[in-house]
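*Asks:* Structure for the following, please:
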Amino acid sequence: MGGPVFTAAEVARAADALRSHQPLHDQTHAAHAAGFLLPGRGIVLAREDVGRHNALDKLIGALARAGMDPASGAIVLTSRDSVEMVQKTVMAGARSLIAVSAPTAHALRLAQGANLTLAAFARGGGFDLIPALSGSLTERNMSPEKMVMMANQIATFFKTQPGNGQAENVAAHINDFWEPRMRSQLISYAAKGEPGLDPLVQTALRSVRAPAGG
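*Replies:* Below you'll find the model as predicted:
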């Protein structure tokens with residue numbers, strides 16, 4: 001999918017790492033922050049403001065002044081993934097966005113259409129990965145290669161998470177974030193015995209909901 005490559009631990013720790021760059025929040029307990037995470041280096045830039053949009057605007061400006069390519073890392077937010085925050089991140093040229101809460105439905109559609117990877121609920125040592133997709137979540141016929149790649153990326157991520165229930169987690173992710181036509185296409189692909197699907201995806205499909213009439 002392109003873009004920077006982070007370990008699961010780096011993403012899980014990103015929001016906590018950003019807290020050490022928030023002196024204004026320490027003083028007021030009323031400030032948002034936006035940070036820039038680089039693979040293997042952690043948070044290298046951060047900006048604060050009482051407004052979450054302003055904090056991200058400041059960070060984007062700081063990246064430009066420092067001559068840093070937003071595509072080389074991930075934006076980290078202490079706020080939710082709203083449509084505006086996704087738009088600003090995409091316009092800046094970043095490929096990954098990490099936030100402490102869930103994206104809105106509109107923000108999710110926009111991110112997927114813009115090929116932006118989201119990591120939601122990044123707190124407490126965990127997060128939910130929503131991989132980038134080169135195209136819209138609502139496209140009617142995704143290429144089998146792209147569909148298999150996406151499904152296998154989800155499986156790869158959950159294999160890195162501790163504990164049991166990996167197949168259940170993969171199934172829950174697909175049920176929550178894949179549009180019904182995509183789920184139907186994936187189920188049909190596996191039923192025909194087509195190649196390429198990770199065994200964990202094949203196990204997870206037992207719990208993936210088939211769309212009505214699909």
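*Asks:* The host helix or strand of residue 108: what's the following helix or strand?
*Replies:* Following DSSP states H and E, one finds residue 108 within helix 105-113. Helices and strands here follow DSSP H and E; after helix 105-113, the next one along the chain is strand 117-123.
*Asks:* Put the alpha carbons of the helix holding residue 108 into CSV.
*Replies:* What follows is helix 105-113, C-alpha atoms only, in CSV (Å, rounded to 0.1, in the frame of the first residue of the first chain):
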residue,chain,number,x,y,z
ALA,A,105,-18.4,7.3,9.0
HIS,A,106,-17.8,10.1,6.5
ALA,A,107,-14.2,10.5,7.5
LEU,A,108,-13.7,6.7,7.0
ARG,A,109,-15.1,6.9,3.5
LEU,A,110,-13.0,9.9,2.6
ALA,A,111,-9.8,8.3,4.0
GLN,A,112,-10.4,5.0,2.1
GLY,A,113,-11.1,6.9,-1.1
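*Asks:* Can you name every helix or strand that it contacts?
*Replies:* Contacts defined by 3 or more Cβ pairs under 8 Å, 6 or more residues apart in numbering; DSSP states H and E place helix 105-113 against helix 83-92, strand 117-123, strand 126-130. Placement of C-beta: from N, CA and C, glycine included.
*Asks:* could you check the angle strand 117-123 makes with the first one?
*Replies:* Between the axis of helix 83-92 and that of strand 117-123 there is an angle of 130 degrees, by axes from the mean of the first three to the mean of the last three Cα atoms, to 10 degrees.
*Asks:* Check the last one too.
*Replies:* Angle between the axes of strand 126-130 and strand 117-123 is 160 degrees (criterion: the same axes, to 10 degrees).
*Asks:* buried ones in strand 126-130?
*Replies:* Buried residues in strand 126-130, counted by 16 or more other Cβ atoms under 10 Å: 127-130.
*Asks:* and what of the longest one?
*Replies:* Taking 16+ other Cβ under 10 Å as the neighbour-count basis, helix 83-92 is seen to contain the buried residues 83, 85-86, 88-90, 92.
*Asks:* tell me what it is packed against?
*Replies:* Looks like helix 83-92 contacts helix 52-66, strand 74-77, strand 96-99, helix 105-113 (3+ Cβ pairs under 8 Å, 6+ apart).
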